[in-house]
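>>> Mind folding the following:
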Amino acid sequence: MEKSRIDKIKKWLKDPYNLALVGILVFAFCLRLYYFILTKNQPLWWDEAEYMLKAKSIFKNTPTTGYFFGRPPLMSFLFSIFFLMPNGELLSRIAILALSIFSIYLLYKIGETLFSKITALFSAYFFSISWIFLFLNFRLLTETLAIFFALLSIYLFLKFQTEKKAFYLILSIGFLVFTVLAKWTGIILIPIYCIQILITDVSKFLKKLAIGLLIIQAILGITFLFYGNIPILNTKIVTFSKLLPSIFTQLKFLKEFYGFESFLIIGIFFYFSYYIGIRYDTISKNKNLNSTFFILNFIIINLAGFTFIMAWENRYLLFMIIPISLLLGQFVFLISKKISKNQLKVLIAILILALLFHYTYYQLEEGNSLIKIKLHTYEEVKKAGLWLKTHTTPFEVIATSSVPQITYYAERVTISLPKENISNYLDTNNVSYIFITGWETTPQKFLNWLQVQNLSATKIFYRNNKPIGIIYRYR
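Numbers count the residues shown, from 1 in each chain. Below is the predicted model of the structure:
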């Protein structure tokens, strides 16, 4: 049995496409392993600390002060199991690393389902070295988990489209729910699926359901537009006066993701849009057209959606790297096909190699630079939290501007620094220690009060020989 399995593996590896896939996955793993060793102990940012303090609290019953209950819950819930064992944070980082590798494989399978193995290989490579994805693979944020579930949902949705089996659609919807619970913006997949169903040859019931969902989303969108906000999430909605600036903001994020290649991507997008436009009546019958439409639909809905909610950080647009990787992969495949048929084949080959080289250099340089620049941010906050954990009892309260990080590292109830009635506020909440840091903004009134109180520093943390964090004993 074992020999038979080995023979199957050898036979599978004889296929050059499979061997190339293994090469991409091994390269991606080695690249990530290098940065994992570098970042495995890096301090948590504010958002990371919120997810991790909640994960830690589920089984260990540690404090949850600083956690915003509008956060998507799935990551904290899933990763809580790691905190039943020693070093739950390290295990969480290993899980994120594994999910990133599985995501590359899923992107390959999506490219193969939509187009071909060659397109899938190029797409998987482009996706694997995306600097924003690479950077977030080493942060305990929800993006990597959301990307994984989104890719799994998309792959199953495409399987449903090709095989018309309801089982795949049900699974796809299930993983879509997981995507949304991992990151609220995963809801962007719903209109993408609905539109795809409308132009595909499926049952009338599904088409009616898709229309119904699109109408509901349109009504909610209009409602939020007039309200100017999305309740609970406190996300601002674009107004007509801010529509153009919001569009340019999203395009700026796209430029950050791809540098010079962003202009090429825009050109490819419009070329494929023209290609679809002149053949729109055959989309449902032509697999290649249907696949191309899916990618363009994905890009348009993402840009429109995040323009609508005025995304203010580039990581909100992370889902865009999925269709863009596929778009670039298909473009390189179509160009490479012309090598054997064109007298300018040497020039075409050089252009493809130049594109691959420049893309690789830009992505790896950006990713390497950002990972290393951010490596030691908030280090003094982590040290302060660990110091407070060993120098306080579980019943003591800490006041600080770095609430979630101190709650996570110190495992103590932590409250924000007040702006008014400061002494009364601190006394009422039985605060024992105060921690201020240059990594977060301290209210000026609190600094003035601190100066008047003339409290002596219990512990000072330095960066470049300058104090950046100070712990005061209050009582």
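
>>> Please count neighbours and contacts with C-alpha atoms only from this point.
Noted.

>>> Near Tyr274, how many other residues are there?
Neighbour count of Tyr274, defined by other Cα atoms under 10 Å: 12.

>>> Remind me which helix or strand it belongs to.
Here Tyr274 sits within helix 261-277, counting by DSSP states H and E.

>>> now the angle between helix 261-277 and the next helix or strand after that helix, please.
Next helix or strand after helix 261-277 toward the C-terminus (DSSP H and E): helix 287-308. Angle between the axes of helix 287-308 and helix 261-277 is 120 degrees (criterion: axes from the mean of the first three to the mean of the last three Cα atoms, to 10 degrees).

>>> Quickly note the distance from Thr414 to Glu89.
The spacing between Thr414 and Glu89, counted by Cα to Cα, to the nearest Å, is 20 Å.

>>> Compare neighbour counts for the two and give me the winner.
The neighbour count for Thr414 versus Glu89, taken as other Cα under 10 Å, is higher for Thr414 (28 against 21).

>>> Quick check: closest non-adjacent residue to the more buried one.
Using Cα to Cα, 6 or more residues apart in numbering and skipping the chain neighbours, the partner closest in space to Thr414 is Ile398 (4.7 Å).

>>> Verify the stated contact: the one you found with Ser432.
Yes - Ile398 is within contact range of Ser432, at 6.0 Å (criterion: Cα atoms under 8 Å).

>>> more crowded one of the two?
Ile398 (30 against 18).

>>> Let's verify the more buried one: helix, strand, or coil?
Here Ile398 is strand, with the state taken from DSSP: H, G, I helix; E, B strand; the rest coil.

>>> residues contacting it?
412-415, 431-435 (Cα atoms under 8 Å, 6 or more residues apart in numbering).

>>> swap in Pro443?
Pro443 touches 417-419, counting by Cα under 8 Å, 6+ apart.

>>> And for Ile301, the neighbour number?
Other residues lying near Ile301 total 18 when counted by other Cα under 10 Å.

>>> picking that back up, so which of the contacts of Pro443 is the most crowded?
Leu417 (24 neighbours).

>>> ok, that residue to Leu450 distance?
Distance from Leu417 to Leu450, by Cα to Cα: 11 Å.

>>> what's next to stretch 204-218, contact-wise?
Residues outside stretch 204-218 that contact it (Cα under 8 Å, 6+ apart): 191, 194-195, 197-198.

>>> Name the residues of it that are buried.
Of the residues in stretch 204-218, 207, 210-211, 214 count as buried by neighbour count, 16 or more other Cα atoms under 10 Å.

>>> got any ranges where the chain has weak pLDDT?
1-3, 201-203, 205, 217-243, 309-312, 339-344 (pLDDT under 70).

>>> spatially speaking, which residue is in the middle of it?
Closest residue to the average C-alpha location of the chain: Glu143 at 2.3 Å, with Cα atoms, centre = their mean.

>>> my guess is it contacts Ile132, does it?
No - at 10.1 Å, Glu143 does not count as touching Ile132 under the criterion of Cα under 8 Å.

>>> shared neighbours of the two, which are they?
What both Glu143 and Ile132 touch, as defined by Cα under 8 Å, 6+ apart, is the set 315, 318.

>>> circling back to that earlier point, quick one: the contacts of Pro443 as a markdown table, columns for secondary structure too.
Shown next, in a markdown table, are those (three-state DSSP):
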| residue | secondary structure |
| --- | --- |
| Leu417 | coil |
| Pro418 | coil |
| Lys419 | coil |
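
>>> what separates the helix or strand encompassing Ala95 from the chain centre, distance-wise?
Using DSSP H and E, Ala95 falls within helix 88-114. Between the centre of helix 88-114 and the centre of its chain there are 12 Å (Cα atoms, centre = their mean, to the nearest Å).

>>> following that helix, which helix or strand shows up next?
Sequence-wise, the next helix or strand beyond helix 88-114 is helix 117-128, with elements assigned using DSSP H and E.

>>> If you count contacts, what does that next one end up packed against?
helix 16-39, helix 88-114, helix 321-337 (3 or more Cα pairs under 8 Å, 6 or more residues apart in numbering; DSSP states H and E).

>>> need those in JSON lines with distance to Lys56, can you?
Shown next, in JSON lines, are the helices and strands packed on helix 117-128 (distance: least, Cα to Cα, whole Å):
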{"stretch": "helix 16-39", "distance to Lys56": "20"}
{"stretch": "helix 88-114", "distance to Lys56": "8"}
{"stretch": "helix 321-337", "distance to Lys56": "31"}
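
>>> got the angle between the helix or strand harbouring Met52 and helix 88-114?
Met52 belongs to helix 46-60 when assigned by DSSP H and E. Helix 46-60 runs at 110 degrees relative to helix 88-114, counting by the same axes, to 10 degrees.
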